[in-house]
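# Give me a 3D structure for the following:
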Amino acid sequence: MNVTISQQDAVTVVAISGSVDSLSADKLTESFVGELNAGRVKLVADFAAVSYTSSAGLRSVLAAVKESRRSGGDLRIAAVQPDVLRVLSLSGFTSIIKMYDGVAAAVSSYGQA
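Residues are numbered from 1 along each chain as shown. Next up is the predicted model:
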């Protein structure tokens with residue numbers, strides 16, 4: 001798994017590629033924590049290149065959602081692949097987290113909030 005972080009206006013885009021599992025979830029958590037600790041609380045997780053996520057990956061995302069909302073921001077997910085979307089749906093994440101077809105839509109949604 002790789003994580004690339006970029007800024008689009010006041011929104012931080014965390015682009016994730018590969019599989020998010022018990023071996024890689026800590027790296028994802030550290031990426032989210034680093035951004036949140038730096039005061040960047042408007043986050044978009046770009047899942048376009050995520051092929052798989054385990055419960056460890058879900059925990060990482062959920063922790064980031066909770067902390068960003070506690071800090072006055074949010075975490076939104078963009079471009080989820082069908083297999084990963086199925087996992088998110090079955091685990092109830094689709095009712096907790098705002099999801100968008102693409103990064104641009106997720107980023108612009110902060111201007112409408």
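# Could you check what's spatially nearest to D74, not counting adjacent residues?
Nearest residue to D74, sequence neighbours excluded (CB to CB, 6 or more residues apart in numbering): S68, at 5.5 Å. Placement of C-beta: from N, CA and C, glycine included.
# Just say helix, strand or coil for that neighbour.
Going by DSSP: H, G, I helix; E, B strand; the rest coil, the secondary structure assigned to S68 is helix.
# avg pLDDT for the strand or helix carrying S109?
Take DSSP states H and E as the rule and S109 turns out to sit in helix 103-112. The average pLDDT for helix 103-112 rounds to 93.
# which residues sit in contact with the residue nearest to D74?
L36, V41, K42, L43, D74, L75 (CB atoms under 8 Å, 6 or more residues apart in numbering).
# isn't the fifth one right next to K98, touching?
Yes: using CB atoms under 8 Å, D74 is in contact with K98, at 7.1 Å.
# Name the residue closest to the centre of the protein, please.
Residue closest to the average C-alpha location in the chain (CA atoms, centre = their mean): A45, at 2.9 Å.
# which of D74 and K98 has more neighbours?
Remark: of D74 and K98, D74 carries more neighbours, 19 against 15, as counted by other CB atoms under 10 Å.
# Show the pLDDT at the more buried one.
98.
# do the same with A64
Taking A64 on its own, its pLDDT is 97.
# That one: helix or strand, and which one exactly?
In this assignment (DSSP H and E), A64 forms part of helix 55-70.
# hey, C-alpha coordinates of that helix in PDB?
C-alpha atoms of helix 55-70 as PDB (Å, rounded to 0.1, in the frame of the first residue of the first chain):
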ATOM      1  CA  SER A  55     -11.300  -4.600   9.100                       C
ATOM      2  CA  ALA A  56      -8.000  -3.100  10.000                       C
ATOM      3  CA  GLY A  57      -8.300  -0.600   7.100                       C
ATOM      4  CA  LEU A  58     -11.900   0.100   8.200                       C
ATOM      5  CA  ARG A  59     -10.700   0.900  11.700                       C
ATOM      6  CA  SER A  60      -8.100   3.300  10.400                       C
ATOM      7  CA  VAL A  61     -10.700   5.100   8.300                       C
ATOM      8  CA  LEU A  62     -13.200   5.200  11.200                       C
ATOM      9  CA  ALA A  63     -10.700   6.600  13.600                       C
ATOM     10  CA  ALA A  64      -9.800   9.400  11.100                       C
ATOM     11  CA  VAL A  65     -13.500  10.200  10.600                       C
ATOM     12  CA  LYS A  66     -14.100  10.500  14.300                       C
ATOM     13  CA  GLU A  67     -11.100  12.600  15.000                       C
ATOM     14  CA  SER A  68     -11.600  14.900  12.000                       C
ATOM     15  CA  ARG A  69     -15.200  15.500  13.000                       C
ATOM     16  CA  ARG A  70     -14.200  16.100  16.600                       C
END
